[in-house]
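**Q** okay, here's the prediction I keep looking at, along with the sequence it came from:
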Amino acid sequence: MATDQATAGTTDSGRVEAFSDGVFAIAITLLILEINVPEAHNGSELWHALAEQWPSYCAYVVSFLVIGVMWVNHHTVFTYIARVDRTLVFLNLLLLLVVAALPFPTALVAENLREPDASNVAAAVYGMVMVAHAVTFVLFWYYVTRTGHCFDERVDVRAARATRARFSLGLIVYPVTVGLAFVSAALALAVHGALAVYYAFNQTPVPTREPGSRP
């Protein structure tokens, strides 16, 4: 009876993931549009103008990594989600809200990275957006592991629930980057890039169980 109540109102997850993929694709594409084509009258001026835009290149690469890894991890989780309910759809929308917002702090950092005071504020805003991402992802994961009614039969729900602490690591790490931004904006941006690489290779797997075993 509890299972029937939990699954009431659920639907296939394919449309939600397809919509999410579209948001990720748009957000990651918008990053490159923030890099302007410099004006120059000859080759040497163009080389100089291109070199002057190094903050934009750095911000672009870091944010591309961040959104790319977000998408990979989001796709991994949805591989094991067979159905979604209204609450999960809204939690996923909150997650996408942060993803879609990332081009803004990226442009903010690129524009102000060479300014002593402004760069600290810009990097702090970037870190705050990443804190918001950590919060929304944790909320998403806590809900989906609460009863396990959205998972398919491969997932060991009890083991998945036990991974909550590891999924919550960002709640500790990303606030630190906000403080680090006021020490060095460039270092804070580099830490975000390093964290993206870390999460690319050290993501928490979705625990599964042997076929035929009890949930």
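**A** On my side now, so go ahead.

**Q** check contacts around residue 130.
**A** With contact set as C-beta atoms under 8 Å, 6 or more residues apart in numbering, residue 130 has these partners: 66, 170, 174, 177, 192. Quick note: C-beta positions are derived from backbone N, CA and C, even for glycine.

**Q** residue 176 versus that one, what's the distance?
**A** 11 Å (C-beta to C-beta, to the nearest Å).

**Q** also residue 72?
**A** On the measure of C-beta to C-beta, residue 72 and residue 176 end up 23 Å apart.

**Q** swap in residue 41?
**A** 46 Å.

**Q** okay, these two: which has more neighbours?
**A** residue 176 (13 against 7; other C-beta atoms under 10 Å).

**Q** my guess is that one is in a helix, correct?
**A** Yes: under DSSP: H, G, I helix; E, B strand; the rest coil, residue 176 falls within a helix.

**Q** element containing residue 49?
**A** For residue 49, the host element (DSSP states H and E) is helix 43-52.

**Q** which other helices and strands does the following helix or strand past that helix contact?
**A** Proceeding N to C from helix 43-52, the next assigned helix or strand is helix 54-78, under DSSP H and E. When contacts are defined as 3 or more C-beta pairs under 8 Å, 6 or more residues apart in numbering; DSSP states H and E, helix 54-78 sits against helix 14-33, helix 86-101, helix 103-112, helix 116-146, helix 185-201.

**Q** please state the offset of helix 54-78 from the chain centre?
**A** 7 Å (C-alpha atoms, centre = their mean, to the nearest Å).

**Q** show me where pLDDT drops low in the protein?
**A** Under the criterion pLDDT under 70, the flagged ranges of the chain are 1-11, 202-204, 210-215.

**Q** change it to 50
**A** Scanning the chain for pLDDT under 50 picks out the ranges 1-9.

**Q** residue contacts, the residue most central in space within it?
**A** Centroid check for the chain by C-alpha atoms, centre = their mean gives residue 70 as the closest residue, at 3.7 Å. Going by C-beta under 8 Å, 6+ apart, residue 70 touches 24, 99, 133.

**Q** touching, the second one and residue 27? I think so.
**A** Yes: with contacts counted by C-beta atoms under 8 Å, residue 99 reaches residue 27, the gap being 5.2 Å.

**Q** what touches both of those two?
**A** Residues touching both residue 99 and residue 27 by C-beta under 8 Å, 6+ apart: residue 67.
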